[in-house]
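# how does the following fold in three dimensions:
(3 chains)
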Amino acid sequence: MSEYLLILVSTILVNNFVLVQFLGLCPFMGVSNKLETAMGMSLATTFVLTLSSVCSYLAFTYLLQPFGLEYLQTITFILVIAVVVQFTEMVVRKTSPMLYRVLGIFLPLITTNCAVLGVALLNIKKQNDFVESILYGFGGAVGFSLVLVLFSAMRERIAMADVPNPFQGSAIGMVTAGLMSLAFMGFTGLVNI
Amino acid sequence: MTSSNIIASTREVYDFHGGIHPEEMKSLSNQTPITKPAIPPKLVLPLQQHIGKPGKIIVEIGQKVLKGQMLAEADGFISAALHAPTSGLIESIGDHPIAHPSGQSDTCLTLIPDGEDRWCELEVCEDYLALAVNEIQRKVTEAGISGMGGAGFPTAVKLHPPKQAKVNTYILNAAECEPYITSDDRLLRERANDVIAGIQIVASILKPKECLIGIEDNKPEAILALREAVFGTDIEVCVLPTKYPSGGEKQLIKLLTDKEVPSGKIPADIGIVCQNVATVAAIYRAVRYGEPLISRITTLTGMNIHQRGNVEALLGTPIDWLISQYDYRPATKNQRLIMGGPMMGFTLMHSDVPVVKTTNCILAPGKKELPIAPPAQACIRCGLCADACPAELLPQQLYWFSRSQELEKAEHHNLFDCIECGACSFVCPSSIPLVQYYRHTKGEIRQHKADLLKSDQARERFEARQLRLDREKEEKDAKRKARAEAAAKAQATKKAAGESSAAPSGDSNDPVRMFEPKSSEVSQQEANTTPEIETVDLEALKLAWDKAQSKLDKMYDALEDAKANNPDNVAKLTRAVEKNQMRVNQAKLAWNKASETKAQPLKVETETTEQITKIESVDIEALELALGKAESKLMKLQSALDNAKPEQVEKLTRAVEKNKGRVESASLAVNQARTSTKTNNETEIELPDLPALELAFEKADSKLAKLQNALDNAQPDQVEKLTRAVDKNKVRVETAENAVLAARAMLAKTVTSTEAGDS
Amino acid sequence: MSVIVTAILALLGLAMAFGALLGFAAIRYKVEGNPIIDEIDSLLPQTQCGQCGHPGCRPYAEGIAAGEDINKCPPGGEATIHALADLLDVDAPELDAEHGEEKAKQVAVIREDECIGCTKCIQACPIDAIMGSAKHMHTVIESECTGCDLCVEPCPVDCIDMVTLDKGHAAWHWDPPKPGHIIATDKPSRIEGVSI
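Numbering: from 1, shown residues only, chains lettered A, B, ... in the order given. Sure, this is the predicted structure:
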C-alpha cells in the first residue's frame, strides 16, 4: 500500500514529468494561456495518459512478451496512444464543442506528447505490474495537470501585468516555467524511489 | 465634562474588516450652532433629487406658489415629491446644471422668492403616535422625504416593508464617519428630541424588536444629547469607535448586529432597516407639523470658507450664493468646490448648482488642504488595499482586471459590492486612483450588459421578421397553387365539354401572339385546343384563368432565380414563361368570351344571374386589388429601371413594347366594352367601377410609357431586377386589362339579362 | 522468418482491434452541426447591417466558423473583435477599415414632414424597427433601432437622418482615470483613452 502512495507522490511531485523530467512541454506552453482551456487539456491528458498506460502495459505483457516481440514496443505504444487520443478527441468533440474548438490542434497533439510515450516506456523499464502501471500513469497525469493549472493561472496574472516588451508572451512564460521547475526540484529527496 | 461612562456603550459593539483613520477635521465646523441664511434671490429645484423616477410637475410657469406647496408629485412607488422651499413665482422649468459628477444638466424648476415666506396650509397633528400606519405613510410620501445621508432612497418605500419581511432591528445612522462633515453632529446636539420622536413614529410602523442608534465616539456632546433624549424610551444609543467607513450601511449593520448583508441583497432581506438621523427628524416634522422637506442642514467647511459651520439651507439654494454668504474667499481663482466629503464627495463642475436633499456638506479646501494626488505609480502588490477594504474585497485584483478590461472577472470578484468608500486609494503607497478604476469598470459592465440585452432583442426581431416574410411567401404560394389548380380543373372540364369556338378564340389570340417573339409549338397547340365557350359556370373559367395566372407568376419567379443563379436556364425559362403567358391570356380571353357569349342564351342567364352578380361583386374587388398591385409593381419597376445594363436594353425594349402592345389591346377592348356598354342602360352599381378601372388602365399605360423612357437611359446593374419588374408589370397590366374586360362583360351581361328579364 | 510473421500478425491483430473500437466510437459519438456558430453569433452586435459583407449577423457567424477574419464588424468594434479572439483563441487584429469604421451609437430619425409613406424603409429595415404602412406616416422605434443605416438609401425623398443619441446623465458613466505612471511601461492599456 505504501508502495502505491510512494509511486503517486513520486510521479506527482518529486519526479514531475513536466518540470523535473521535462517531458510534455509542448502542451504545457501552448495551452496554458487561459485557465479554462488548461483545465480542459489536463482532463483530456489525464484520460489519455491513464488509459494508454494501462493499454500499453496490457499490449506489452499479453501480446509482445509472449511472442518475444519486445523490440516492437515503441511502435505498439505509439499505436495504442494514437487510438486512445483519437477516441478522446471524438468524445470531447461530442460533449464540449467549445473545448474542442479551443484545444484545437493540441488535442490530437497529445499523441506526440512525449510524456505519454514516456510513461508507457518507463512503465516497462521499471517493470511495474498492472496496478503499478495504472498508478504510474495516473500519477503522471495528475502531476501534469497540477503544474499546467498552476502555470496557466500564473500566466493569466502575468498577462495583466507590466511586462517589458521583449518578454511579453511566451518569453516570460518560459522564465516562469523555469522558476517553477526550480521550485519543484526542491522536492527531490522527499521520497526515495 | 463628559465621563467615559456616558460615552461607553452599554451594548456590545462588533467590528468590521479593514477601515482607515483619516484626519477627522470636524472641529473646523462643529463649534457653532446651526444658522439660517437669508432667502436666496433664486431657487433652482431639480426634479430628481432621489433614486427612482423623477416627480411629475403639477405647477406651471408663471404660477405663484406658497411655501411648502407641492410642485411635483411622486411618479410611481419609487419616487418622491418636490415642494416649494419658500413662497414665490415659478419663473421657468428647464435644463439647469445639477449637482452630479458628470456636470450635466437636468430638468429644474426655477423659483423666484417673493420674500414673504408664506406657508401654505399645513396638516398639523398633535397625537401623531395614534395615527394609523397608512396615514403616516401617506404623510411621509406627500412630504417628499428621501434619504438625507447621501444616497437619497425615497423614505416612503422603506416605510412599506413587505409583509413577509419582519423587521428585527431598526438602526439609526448617526455615525457620520466622513471627515469634515458635522451636520448630523449639530442636528443631534440641537434637535435630538425631533430625532427621537421621528424614531418613535417609524417604529410604530415597522414594529422592530429593537431600535439602535449608532454614533461614533468623536461626538461626545451629541452622545450626551441623545442619551438625554432617549431616556424613558427603549431606544439604545451605541457608541462606536471612530473608524472610516463606520457610517456605511453594511458596515454599521455589522458593527451593531454582527450580521452581514449578503452580496446583492438589501438589509431588509435580513430583517434590518437603516435610516439617517436627519431623515427621521424630517419625518417627525412632516407627521407632526405637516412640514414637507424643504430645507436641510449642510456643513460649509474647508479653509476657503471663513465662516465655517452648519447652515439650514433651503433646497434649491445655489451653492455659489450660499458660500458667498459665509465669507467664501478662494485663495486662487479656480479652486475646487466639493459636494460631499473628501472621501466620497465629487468636484462640482459648475458653482451655481443647487443644494439638494442629499447635500450633506460643501467643502471648499484651501490650496494646501486637500492636495491633488501625486501621479500614480506601478502597483507593488503590497496588499494594503485588501487590508483596508471594509467590504472584504480584493482591490488589487479588481485593479488589474479593470486595467486590462477583463469585465467578467471583475464582476466575478464582486466589483458591484464595492461601496466606493475610497479606503483602498487612501492607503495605496503608489497613489493609484483605485476607486476611479472601479467606477469606470462598473459603468463599462453596465453598458456592456445593456448592449447585450439590446442585441438579443435585435436578434429576436430579425428572426421574427424572417419568419414573417417566409410565412407571407408561403401563403402567397399556397394561394397561387390553389388558383392554378382551380383553373386547371376548369380547363379540364371545358375540354371535356368540347364546345368549339376555336375560330373566335384564334382571332382573339392573334393580336396577343403578334407581340410574342417566340411562339412554341405547344402554344400553337394550345391555341388550337383553346377551351370552347360553353354554358358552364363562369366561375370555373375564372378559376382556370387564376390558375394560369398563378402558374405564370411561378414561372416569373423561376425566371428571376435563374437569372440570378443559373444563366443557362434563362433561355429555357423565358420560353416557358412565355408559354405560360399564352395560356394565361387564352384562359382569360376564353373566360371573357364565355361571359360575353353567355349574355345571349337567356335561359341560362336567369338561372345564373344571381351567381354572376355575386361573382361580379367579388371579382371587382379582386380586380381592384390586382390593379393596386399592378401600380405598386410598376413603381418597383421604375426603381429597377435606374440600374439596367445596356446589353439587356434590347430585351427590355422588346419587353416594353410587348407591354405597350398589351396595354393597347387592352385599351381597345376597354373602348369596345365602353361603346357596347353605352348602348345599354347603365345600372348604378357598375357606374363607379367603369371610370375607376379605366383610370387604372390609363395609369398602367402611362407608366409603361415612362418605362420606355427610362429604358433609353438605362445604366449598367441589376438588369434582372428590371426584366423581372417589366415582366411583372406586363402581368399586372394584363390583369388590369382583364379586370376591365371582366367588368365590362359582366356589366354588359347583367344589363342584357335585366333587359331580358324585363322583357 | 516466423518471428517476422508473428510480429506482423501481432501488430495487425492489434491494429484491427483498435480499428474496430474507433469505428464504433465514430458512430457512437457522431456530432451534428456546428454549435460554435451559436456562440459566435451571441457575441455579434445583431445590427444586421451587412457591413461585413454578409446579409445579417448569423451568416457572418457561419463565415467566421468556416475561417473568415473576425475583424469585419464595425458596429461591434474593438470590443467584439477582442471577445471573438478570446472565444476562438486567436489574435485580435485591428478593425478592417474596408468594412467601415467604428462610429458612436446612432439611431435613425425620420423627418415626418417629408415622409411620403412609400414603405421602402420599412422593407429595408432588417429588424422591423420602423412603424407605418402604405400612405401612412412612418416612424422609427427609437428603442429598437440599432443604427445599421440600411433604411437611409431606399428612401426616395431622403428624409431619414442618422442621429447620435444623447441619453443624458442616466447613461453617463465615469471616465477611466487619467494616465500618470512615471515608470515607463511597454504595456498598452486596453482602456479607451488611457495610454498606460
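
# residues from chain C in reach of chain A?
Within reach of chain A by C-beta under 8 Å from any C-beta of the partner chain, chain C has these residues: C:3, C:6-7, C:10-11, C:13-15, C:18, C:21-22, C:25-26, C:29-31, C:34-36, C:39, C:86, C:88-89, C:185-187. In short, each C-beta sits where N, CA and C put it, glycine included.

# helices and strands of chain A: which one has the lowest mean pLDDT?
Lowest by mean pLDDT, DSSP states H and E among the helices and strands of chain A is helix A:97-103, with a mean of 77.

# is chain C within reach of that one?
Yes. Contact of helix A:97-103 with chain C (C-beta under 8 Å from any C-beta) involves A:Pro97, A:Met98, A:Arg101, A:Val102.

# repeat for stretch A:83-95
Yes. Using C-beta under 8 Å from any C-beta, we find that stretch A:83-95 touches chain C at A:Val83, A:Gln86, A:Phe87, A:Met90, A:Val91, A:Arg93, A:Lys94.

# for B:Glu485, see how far away the closest residue to the first one other than its chain neighbours is.
Excluding the flanking residues, the one nearest A:Val83 by C-beta to C-beta, 6 or more residues apart in numbering or on different chains is C:Phe18, at 4.2 Å. Remark: distance between C:Phe18 and B:Glu485 (C-beta to C-beta, to the nearest Å) = 60 Å.

# neighbours around residue 65, how many?
Looking at chain A here, since you left the chain open. 13 (other C-beta atoms under 10 Å in any protein chain shown).

# chain C was what I was after
Neighbour count for C:Ala65, taken as other C-beta under 10 Å: 18.

# ditto for B:Thr233
B:Thr233 is flanked by 13 other residues according to other C-beta under 10 Å.

# again, but for A:Thr95
11.

# need phi/psi at the residue lying closest to B:Thr32 once chain neighbours are set aside.
Once flanking residues are discounted, B:Thr32 sits nearest to B:Gly309: 4.3 Å by C-beta to C-beta, 6+ apart. The phi/psi pair for B:Gly309 (degrees, to the nearest 10) reads phi 160, psi -170.

# could you check how far B:Gly309 is from B:Leu252?
Using C-beta to C-beta, B:Gly309 is found at 26 Å from B:Leu252.

# so which of these two has more stuff around it?
Neighbour count, other C-beta under 10 Å: between B:Gly309 and B:Leu252, B:Leu252 has more, with 26 against 19.

# list the residues that contact the more buried one.
By C-beta atoms under 8 Å, 6 or more residues apart in numbering or on different chains, the residues touching B:Leu252 are B:Ile171, B:Asn173, B:Ala175, B:Gly214, B:Leu240, B:Ser246, B:Cys274.

# how near is the spatially most central residue of chain C to B:Arg465?
Closest to where the C-alpha atoms of chain C average out (C-alpha atoms, centre = their mean) is C:Leu44, at 2.7 Å. Distance, C:Leu44 to B:Arg465, using C-beta to C-beta: 17 Å.

# output the contacting helices and strands for the longest helix along chain B.
Secondary structure of chain B per DSSP state H: the longest helix is helix B:434-497. Counting by 3 or more C-beta pairs under 8 Å, 6 or more residues apart in numbering or on different chains; DSSP states H and E, the packing neighbours recorded for helix B:434-497 are helix B:395-403, helix B:407-412, helix B:423-427, helix B:538-565, helix B:568-598.

# among the residues of chain C next to chain A, which ones are buried?
Among the residues of chain C next to chain A, those classed as buried by 16 or more other C-beta atoms under 10 Å in any protein chain shown are C:Ala7, C:Ala10, C:Leu11, C:Leu14, C:Phe18, C:Leu22, C:Ala25, C:Ile36, C:Glu39, C:Asp86, C:Leu88, C:Lys187.

# in helices, which of the residues you listed appear?
Short answer: those in helices (DSSP H) are C:Ala7, C:Ala10, C:Leu11, C:Leu14, C:Phe18, C:Leu22, C:Ala25, C:Ile36, C:Glu39, C:Asp86, C:Leu88.

# among the residues you listed, which two are most distant?
Greatest spacing in those, by C-beta to C-beta: C:Ala7 and C:Asp86 (49.6 Å).

# re earlier: and the angle from the longest helix of chain B to helix B:395-403?
Angle between the axes of helix B:434-497 and helix B:395-403 is 50 degrees (criterion: axes from the mean of the first three to the mean of the last three C-alpha atoms, to 10 degrees).

# how many neighbours does the residue of chain B found nearest chain C have?
Scanning chain B for proximity to chain C using C-beta to the nearest C-beta identifies B:Gly443 as nearest, at 2.4 Å. Using other C-beta under 10 Å, B:Gly443 is surrounded by 16 other residues.

# that one and C:His173 touch, don't they?
Yes. Using C-beta atoms under 8 Å, B:Gly443 is in contact with C:His173, at 2.4 Å.

# quick one, phi psi at the closest residue to chain B within chain A?
When scored by C-beta to the nearest C-beta, chain A has A:Met160 as its residue closest to chain B, at 4.4 Å. Main-chain torsions, A:Met160, degrees, to the nearest 10: phi -90, psi -10.

# which parts of chain A are helices?
A:2-9, A:25-30, A:35-59, A:73-95, A:97-103, A:114-125, A:130-160, A:170-185.

# could you tell me the least trusted of the ones you listed?
Looking at the helices of chain A, the lowest mean pLDDT belongs to helix A:97-103 (a mean of 77).

# report pLDDT for the residue lying closest to C:Asp38 once chain neighbours are set aside.
The shortest distance from C:Asp38 to any non-neighbouring residue, by C-beta to C-beta, 6+ apart, is to C:Ala61 (7.9 Å). With respect to pLDDT, C:Ala61 scores 88.

# so what's C:Ala61 up against?
By C-beta under 8 Å, 6+ apart, the residues touching C:Ala61 are C:Ile37, C:Asp38, C:Ile40, C:Asp41, C:Leu44.
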